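Peer 1: following is a predicted model, sequence given first.
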Amino acid sequence: MDATEGDSQEIIKKKDGWSTRTRAVAKYLHEVYQSKKKQGEEAVSLLPIFKRKTKGESARLFFEVLVLSTGGFVKVVQQKAYEDVLLQETSKMEAALQ
């Protein structure tokens, strides 16, 4: 996923209320989650994803994670401050991407 995807169309909203970038991040996270699920893992760690991104891309990605969390599409879990952030996909996310 390219974190700059949707820059020129950021204000365009789909009928579900997601911006182009939010939809792209949701699809990307869904693909990563499905891959991890096949390996028997129930959550996706953000740390390895951020390591492959620039600071700007990481900031945009994190913002979209917060948007998805606010909407109830992903559950964000962090056990202690400064530890890794784990994401769990909700059934609402699966339904939205069908």
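Peer 2: Structure received.
Peer 1: need phi/psi at D84.
Peer 2: Recorded main-chain torsions at D84 are phi -60, psi 150, according to degrees, to the nearest 10.
Peer 1: skipping its backbone neighbours, what lies nearest it in space?
Peer 2: Beyond its immediate neighbours in the sequence, the residue positioned closest to D84 (Cβ to Cβ, 6 or more residues apart in numbering) is L47, lying 4.7 Å away. Glycine gets a C-beta too; all of them are placed from N, C-alpha and C.
Peer 1: who are the packing partners of the longest helix anywhere in the chain?
Peer 2: Across the chain, the longest stretch assigned as helix under DSSP state H is helix 20-38. Under the contact definition 3 or more Cβ pairs under 8 Å, 6 or more residues apart in numbering; DSSP states H and E, helix 20-38 sits against strand 44-45, helix 55-70, strand 86-89, helix 91-96.
Peer 1: between it and helix 55-70, how big is the angle?
Peer 2: Regarding helix 20-38 and helix 55-70, their directions subtend 80 degrees when assessed with axes from the mean of the first three to the mean of the last three Cα atoms, to 10 degrees.
Peer 1: buried ones in helix 20-38?
Peer 2: 20-26, 28-30, 32-33, 36 (16 or more other Cβ atoms under 10 Å).
Peer 1: save these as CSV, and put in pLDDT and distance to T90 too.
Peer 2: Listed next are the buried residues of helix 20-38 as CSV, based on pLDDT from 0 to 100; distance: Cβ to Cβ, whole Å:
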residue, pLDDT, distance to T90
T20, 91, 21
R21, 94, 20
T22, 94, 15
R23, 93, 16
A24, 93, 18
V25, 94, 15
A26, 94, 11
Y28, 93, 16
L29, 94, 11
H30, 94, 11
V32, 93, 15
Y33, 94, 10
K36, 93, 15
